[in-house]
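with the sequence up front, the predicted model follows.
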Amino acid sequence: MNPIDPTQPVATDSQPAFGPDFKAGFINLLGKPNAGKSSLLNALVGEPLSIVTPKAQTTRSRCLGMLQGEGYQLILGDTPGYLEARYALQRMMTRSIETALEDADALAWVADLRDDPESESFLPRLLPPSMPILLVLNQADTLDQAAREQQIALWQQAFPGLPTLTTSCVSGEGVDALRSWMLEVLPVHPPYFDPEQLTDLTDRVMASEWVREQIFLKYHQEIPYASHVVTESFKEEEKILRIECTIYVERDSQKGIVIGAKGSALKAVGTAARQQMEKFWGRPVYLGLHVKVRNDWRDDQRMLKYFGYTAE
Ligand SMILES: Nc1nc2c(ncn2[C@@H]2O[C@H](COP(=O)(O)OP(=O)(O)OP(=O)(O)O)[C@@H](O)[C@H]2O)c(=O)[nH]1
Ligand SMILES: [Mg+2]
């Protein structure tokens, strides 16, 4: 039996383990592809939960990261970058952003400080009027002081009255201030999740996402966008985690590229993804990778459903 800590409240049916001032809520990060939403979520939570790559449209579905502390539970929602949908997968991604606009307690609108604010002028019309919103100008480390001040002024002129914060996932600038703003606007509410929970992603999904991250990092042109990864099996054995993943692509020619000469390209993906898994789970991992072709899966509703892409 676990010893009971007399300083901690004990949950019973009549007395929950949180006080009347407990704060809990959902804060979604939204913005254009590559703004740095997933990087910010990871910086806030302190774990590599949502995959990050230099390629646009890395994040495909929503992912929650929880920040739990004394008296609060902050549930961060990462979203796909908004875009003009050209195929069914992108339409699913767009719908999941629309949902993210509606079902949050507050929004962090993430933009690349270097961007022209005009390119986002449509967004304020979509933002729910009564929701706390913070404009997060990320990637501040990429500009020198003069350029940075000029850009901040442009954004503030374009969206007057909107609270603004500059951040950098490289230097860590503004991340604490972002967390503080989020905790400030969090409503009083009982916790939604278990106090130990870090994410809504299952181990299987995390494994397949880390493989997909390597595909985005190591291949170019259409391959990352034509790839989906499924974890076929995830077994916790005595000494190792034994994981088998299948990479789905759309064409035989893509399969050849993913595998590479004598399997070298696939091996590099597997090694890097396995290292990430071993670091996160703190134990040795065997990772088996397989490649299959499903023609045009990105426009195939049945395949999308099978792969778990839903608009929620
Ligand atoms: N220099 C710099 N690079 C950053 C910063 N934040 C993110 N990046 C880089 O920008 C790229 C995109 O970051 P992501 O976090 O994947 O961006 P995202 O908004 O989640 O992108 P999508 O999932 O495609 O919508 C990656 O190469 C990151 O390493 C930052 O503050 N400074
Ligand atoms: Mg992302």
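Received the coordinates, thanks. Numbering: from 1, shown residues only. Ligands and ions are numbered 1, 2, ... in the order given.

buried ones in the helix or strand of the chain with the lowest mean pLDDT, by neighbour count?
Using mean pLDDT, DSSP states H and E, the weakest-scoring helix or strand in the chain turns out to be helix 123-126, at a mean of 80. Neighbour-count burial for helix 123-126 flags residue 123 (criterion: 16 or more other CB atoms under 10 Å). The way it works is simple: take the backbone N, C-alpha and C, and place the C-beta from them, glycine included.

just after it, pick out the following helix or strand.
Later in the chain than helix 123-126, the nearest helix or strand by DSSP states H and E is strand 133-138.

partner strands of that next one, with direction?
Counting by DSSP bridges, the strands paired with strand 133-138 are strand 106-112 (parallel), strand 164-166 (parallel).

mean pLDDT and mean neighbour count added to these, as TSV?
Converted to TSV, the strands paired with strand 133-138 look like this (pLDDT from 0 to 100; neighbours: other CB atoms under 10 Å):
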stretch	mean pLDDT	mean neighbour count
strand 106-112	96	24
strand 164-166	98	18
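
which one of these lies nearest to residue 269?
Within these, the stretch nearest residue 269 is strand 106-112; the backing value is 27.8 Å (CB to CB).

okay, the least confident helix or strand of the chain in CSV with CA atoms only?
The C-alpha trace of helix 123-126 is given here as CSV (Å, rounded to 0.1, in the frame of the first residue of the first chain):
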residue,chain,number,x,y,z
LEU,A,123,-7.9,35.9,-38.8
PRO,A,124,-9.4,38.4,-36.3
ARG,A,125,-12.8,38.0,-38.0
LEU,A,126,-12.7,34.3,-37.0
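
starting at the chain centroid, how far to that helix?
Chain-centre distance of helix 123-126: 22 Å, with CA atoms, centre = their mean, to the nearest Å.

run a quick neighbour tally on the closest residue to ligand 1 within the stretch 51-200 of the chain.
The nearest approach of the stretch 51-200 of the chain to ligand 1 comes at residue 81, 2.7 Å away (CB to the nearest ligand atom). Look at residue 81: counted by other CB atoms under 10 Å, it has 20 neighbours.

how about it: what's its closest non-neighbour residue?
Leaving aside its chain neighbours, residue 81 sits nearest to residue 33 (2.9 Å; criterion: CB to CB, 6 or more residues apart in numbering).

one more: residue 158?
Residue 158's closest residue in space is residue 117 (CB to CB, 6+ apart), at 3.7 Å.

likewise residue 109?
Nearest one to residue 109, counting by CB to CB, 6+ apart, is residue 135 at 5.2 Å.

quick one: contacts for the closest residue to ligand 2 within the stretch 51-200 of the chain?
Nearest residue of the stretch 51-200 of the chain to ligand 2, counting by CB to the ion: residue 59, 3.1 Å away. For residue 59, the contact set (CB atoms under 8 Å, 6 or more residues apart in numbering) comprises 37, 38, 50, 51, 78, 79, 80, 81.

tell me which of those is nearest to residue 299?
Within the contacts of residue 59, the smallest distance to residue 299 is 17.0 Å, found for residue 80 (CB to CB).

could I get the strands paired with strand 133-138 in TSV, plus columns for distance to ligand 2?
Shown next, in TSV, are the strands paired with strand 133-138 (distance: least, CB to the ion, whole Å):
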stretch	distance to ligand 2
strand 106-112	10
strand 164-166	19
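
and the pLDDT for the residue of the stretch 51-200 of the chain closest to ligand 2?
Reported pLDDT at residue 59 in the predicted model: 93.

quick check, it in a helix?
No - applying DSSP: H, G, I helix; E, B strand; the rest coil, one finds residue 59 to be coil, outside a helix.

nearest residue to it in space, please, no chain neighbours.
Spatial nearest neighbour of residue 59, chain neighbours left out: residue 80 (4.8 Å); criterion: CB to CB, 6+ apart.

my guess is the one you found contacts residue 95. True?
No - assessed by CB atoms under 8 Å, residue 80 is found out of contact with residue 95, at 9.8 Å.

so those two - more neighbours on which side?
Per other CB under 10 Å, whichever of residue 80 and residue 95 has more neighbours is residue 80, with 26 against 16.

and that one, what element?
Residue 80 belongs to no helix or strand when elements are defined using DSSP H and E.

and if you look at residue 233?
strand 228-236.

what pairs with that strand, parallel or antiparallel?
Partners of strand 228-236 in the sheet, by DSSP bridges, are strand 241-249 (antiparallel).

so who does residue 301 touch?
By CB under 8 Å, 6+ apart, the contact set of residue 301 is residue 88.

where does the protein dip in pLDDT?
1-16, 311-312 (pLDDT under 70).

show me what secondary structure element comes after the longest helix anywhere in it.
Scanning the chain for the helix with the most residues, using DSSP state H, yields helix 264-281. The helix or strand immediately downstream of helix 264-281 is strand 285-293, counting by DSSP H and E.
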